[in-house]
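Participant: Sequence plus predicted model, see below.
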Number of protein chains: 2
Amino acid sequence: MAVYTDITDEELGGLLADYDLGAATGFKGVAEGIENSNFLLETETGRYFLTVYEKRVDPADLPFFLGLMQHLAQHGFPCATPIADRQGRLLKTLRGKPCAVVSYLTGLSVRRPSAAHCREAGMSLAWLHQAGEGFAMRRANDLGQAAWAPLFSTLKDPAEALKPGLAATIEADLQRLAAGWPAGLPEGTIHADYFPDNVFFQSGSFVAAFDFYFACTDTFAYDIAVALNAWCFEADGSFNITAARQLVAGYESRRPLSGAERAALPVLAHGAAMRFFLTRLADWRATPAGALVKPKDPLEYERKLAVHRSSPDLVLFGSPA
Amino acid sequence: MAVYTDITDEELGGLLADYDLGAATGFKGVAEGIENSNFLLETETGRYFLTVYEKRVDPADLPFFLGLMQHLAQHGFPCATPIADRQGRLLKTLRGKPCAVVSYLTGLSVRRPSAAHCREAGMSLAWLHQAGEGFAMRRANDLGQAAWAPLFSTLKDPAEALKPGLAATIEADLQRLAAGWPAGLPEGTIHADYFPDNVFFQSGSFVAAFDFYFACTDTFAYDIAVALNAWCFEADGSFNITAARQLVAGYESRRPLSGAERAALPVLAHGAAMRFFLTRLADWRATPAGALVKPKDPLEYERKLAVHRSSPDLVLFGSPA
């Protein structure tokens, strides 16, 4: 949740003067998005979102993110679509910060996904991968496998503070991941943060995806691995094999996996858990004691790491249904 | 801004099952309201707000607040209106906390009110006072004049930390306010927090007021004094006499002030500045260093106090237009 930038009516009016959206009739900060400030913007022509990009988003990456959203929408994938101003520009500036007006999406995120939701999540992720074909821009995954060891070198003390002995365990994980990381799998544009809070459902069916601000060019199966971690663990920390099977089956209903992709899922899932463990640990360390906005718990992903470390076959769950 | 309570889809579905509003089609936390968690709730029948009352609101006061909102709406004053469930209940419970569904308001708050906005603010405040006539419930102003000295007795150290010598100045103010505080002025139900961010405009005209969670039974002219402080100071700390004159003229276009009410405005405005200075000082002290949500600056109201202390006649501004 975040609204870091306070917009005056004059600033909003100045921005809207560049668009064909009419005058503002309503404007509310929305408690969504950790990286950006988001506003529900109502105008004479409809409802929109205004996103102001804060310091965690590199402005140099915005043409990729906004271009991807536009490409996906133009190819039929339901997602937030950037709205161009009268001169065709998607990226604008407000109070010295980059911003964009995007289409309004209706729907509900699920907090506790069922196996049926997981099937829809898998199906929609494959759809996203297919709709992204032909998108000409590339962006390296700056939170990919090569980044983890350098990132962890700055986090050994916080890891020990979280749990004595954890630093050595993570070191061993990182070596195992580096040695076993797959190469040559099919790649393209991936979401890289396909969590339940970035997906809308309506009456149990997928209706839209959003928050493309970690999207990058990487292995498709890694995106599935991120989703398996995000969607298929129970609140008690156990891995729900039924949910995982449904997620993969949903994915394959649109885009069947090769044998190599399937075989790589255990190490990819272990790695995806590492990626979120490390960034949550970094956020946890960076947050002052007593802050009102609590960072996400790094221990959630430490527990997921332990599952992948000890039971890699869980993700393979025998033959899928 | 605040969303303190995380609502699951099951909890939301359970709540809506008690209403005739249809199923949820959208649900977003809104960065509005410091005391409560607010959500934009979209259902098959329209848009609503769901407010979950957090610990700063005394549950015993909620029947007064919700009853007042209902009374005002029934008497034609445009404000957020609580929606009753099928059994006629306005106050419900979600995750062990009191909550209410209220009507959705469209409009924009102004960040830098013009004199014309101030006229509308005064007009609408008189309208609110008139619409509140006949509301049978009473609630004492627990942040009224009698509360300030006891509250300040706990805040002397933070006052000195804010500005050396300030504690003695505030003590003198409190004695002057206690000695000069008016009695016997017309009273009724007041908003008591009529700030620009609690009022919506559309095309420069007042369209609605909200956030009645400080409303109480007190002197009408005190409500004007709160509004003079909230609407008529410039960003540089100077008091805008033109704006103040318009606020009072707007008020009197609906409800003329008596000579006694007008004569009391300087001390009431001084007192209203004291009330917000003290609560902001308490919030400022209570917020840990480095917290991501910054409390409102107590020095803003310290400067307003200084204006009222040194130039009480400013608020009287000669004869109104």
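Facilitator: That came through, no problem. Numbers count the residues shown, from 1 in each chain, chains lettered A, B, ... in the order given.
Participant: Outline the domain layout of chain A.
Facilitator: Domain segmentation of chain A under automatic domain parsing yields A:9-103, A:115-315.
Participant: Need these in TSV (columns: mean neighbour count, mean pLDDT and distance to residue B:303).
Facilitator: C-beta coordinates here come from the backbone N, C-alpha and C atoms, glycine included. Shown next, in TSV, are the domains of chain A (neighbours: other CB atoms under 10 Å in any protein chain shown; pLDDT from 0 to 100; distance: least, CB to CB, whole Å):
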stretch	mean neighbour count	mean pLDDT	distance to residue B:303
domain A:9-103	18	91	24
domain A:115-315	18	93	26
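Participant: JSON lines for those domains, including distance to residue B:223?
Facilitator: Listed next are the domains of chain A as JSON lines, based on distance: least, CB to CB, whole Å:
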{"stretch": "domain A:9-103", "distance to residue B:223": "24"}
{"stretch": "domain A:115-315", "distance to residue B:223": "30"}
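Participant: so which of these gets nearest residue B:110?
Facilitator: Nearest to residue B:110, of all those, is domain A:9-103, at 5.6 Å by CB to CB.
Participant: could you check whether the closest one is close to chain B?
Facilitator: Yes - looking at domain A:9-103 against chain B by CB under 8 Å from any CB of the partner chain, the contacts come from A:9-10, A:23-32, A:40, A:42.
Participant: From those residues, which land in strands?
Facilitator: A:24-30, A:40, A:42 (DSSP state E).
Participant: And those, which is closest to residue A:249?
Facilitator: In terms of CB to CB, no member of those lies closer to residue A:249 than residue A:30, at 33.9 Å.
Participant: Quick check: closest non-adjacent residue to the closest one.
Facilitator: residue A:38 (4.6 Å; CB to CB, 6 or more residues apart in numbering or on different chains).
Participant: Tell me which helix or strand that neighbour sits in.
Facilitator: Counting by DSSP states H and E, the element that carries residue A:38 is strand A:36-43.
Participant: Run me through the strand neighbours of the helix or strand following that strand, direction for each.
Facilitator: Using DSSP H and E, the helix or strand that follows strand A:36-43 in sequence is strand A:46-53. According to DSSP bridges, strand A:46-53 forms sheet pairs with strand A:36-43 (antiparallel), strand A:97-103 (antiparallel).
Participant: I'd like the next helix or strand past strand A:46-53.
Facilitator: helix A:62-74.
Participant: by how many degrees do that following helix and strand A:97-103 diverge?
Facilitator: 0 degrees (axes from the mean of the first three to the mean of the last three CA atoms, to 10 degrees).
Participant: Let me see the residues that make contact with helix A:62-74.
Facilitator: For helix A:62-74, the external contacting residues (CB atoms under 8 Å, 6 or more residues apart in numbering or on different chains) are A:53, A:57, A:79-82, A:90-91, A:98, A:100, A:102-103, A:128, A:131-132, A:134-135, A:137-139, A:189, A:212-213, A:215.
Participant: Briefly note if the longest helix anywhere in chain A comes near chain B.
Facilitator: Taking DSSP state H as the criterion, chain A has its longest helix at helix A:259-286. No - Helix A:259-286 stays clear of chain B (CB under 8 Å from any CB), getting no nearer than 10.5 Å.
Participant: angle of the next helix or strand after that helix against helix A:259-286?
Facilitator: Beyond helix A:259-286 on the C-terminal side, the first helix or strand identified by DSSP H and E is helix A:298-310. Computed by the same axes, to 10 degrees, the angle separating helix A:298-310 from helix A:259-286 equals 150 degrees.
Participant: one step back: and of the ones in strands among the residues of domain A:9-103 next to chain B, the nearest to chain B?
Facilitator: For those, the closest approach to chain B (CB to the nearest CB) belongs to residue A:29, at 3.4 Å.
Participant: Where does the stretch 101-250 of chain A get nearest to chain B, which residue?
Facilitator: Closest approach of the stretch 101-250 of chain A to chain B (CB to the nearest CB) occurs at residue A:111, with a separation of 4.3 Å.
Participant: Could you pull up the contacting residues of that residue?
Facilitator: By CB under 8 Å, 6+ apart, residue A:111 lies in contact with A:196, B:6, B:8-9.
Participant: before we move on, the earlier item: including distance to residue B:178, could the strands paired with strand A:46-53 go into TSV?
Facilitator: Formatted as TSV, those follow (distance: least, CB to CB, whole Å):
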stretch	distance to residue B:178
strand A:36-43	44
strand A:97-103	48
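Participant: Quickly name whichever of the contacts of residue A:111 is closest to residue A:276.
Facilitator: Of the contacts of residue A:111, the one sitting nearest to residue A:276 (CB to CB) turns out to be residue A:196, at 13.5 Å.
Participant: And the residues of domain A:9-103 next to chain B, which is closest to residue B:162?
Facilitator: Nearest to residue B:162 among the residues of domain A:9-103 next to chain B, counting by CB to CB, is residue A:29 at 28.2 Å.
Participant: hang on, isn't the closest one packed against residue A:38?
Facilitator: Yes - at 7.3 Å, residue A:29 and residue A:38 qualify as touching, with contact defined as CB atoms under 8 Å.
Participant: Residues in contact with the strand holding residue A:38: which ones?
Facilitator: Contacts for strand A:36-43 (CB under 8 Å, 6+ apart): A:2-5, A:7, A:12, A:16, A:21-30, A:32, A:47-54, A:57, A:101, A:104, A:213, B:28, B:30, B:40, B:106.
Participant: So for chain A, the centremost residue is which one?
Facilitator: residue A:193 (1.8 Å; CA atoms, centre = their mean).
Participant: ok but that one is inside a helix, no?
Facilitator: No - when DSSP: H, G, I helix; E, B strand; the rest coil is applied, residue A:193 is found to be coil, with no helix at that position.
Participant: what sits against it?
Facilitator: For residue A:193, the contact set (CB under 8 Å, 6+ apart) comprises A:211, A:213-215, A:226.
Participant: Could you rerun that using 10 Å?
Facilitator: A:143, A:211-216, A:223, A:226-227, A:230, A:275-276 (CB atoms under 10 Å, 6 or more residues apart in numbering or on different chains).
Participant: Equivalent analysis for residue A:267, please.
Facilitator: A:145, A:176-177, A:179-182, A:225, A:308, A:312, A:315.
Participant: Tell me the spacing between it and residue A:167.
Facilitator: From residue A:267 across to residue A:167, the span is 21 Å (CB to CB, to the nearest Å).
Participant: mind listing what the spatially closest residue to residue A:255 that is not a sequence neighbour touches?
Facilitator: Residue nearest to residue A:255 in three dimensions, not counting chain neighbours: residue A:126, with 4.0 Å by CB to CB, 6+ apart. By CB under 10 Å, 6+ apart, residue A:126 lies in contact with A:220, A:223-224, A:248, A:250-257.
Participant: you'd agree the residue of the stretch 101-250 of chain A closest to chain B is in a strand?
Facilitator: No - under three-state DSSP, residue A:111 sits outside any strand and is assigned coil.
Participant: Could you give the backbone dihedrals for it?
Facilitator: phi -90, psi -30 (degrees, to the nearest 10).
Participant: just to revisit the earlier point, residue B:155: which of the domains of chain A is closest?
Facilitator: Closest approach to residue B:155 among these (CB to CB): domain A:115-315, 19.9 Å.
Participant: and the closest one, how far from the chain's centre?
Facilitator: Domain A:115-315 sits 9 Å away from the centroid of its parent chain (CA atoms, centre = their mean, to the nearest Å).
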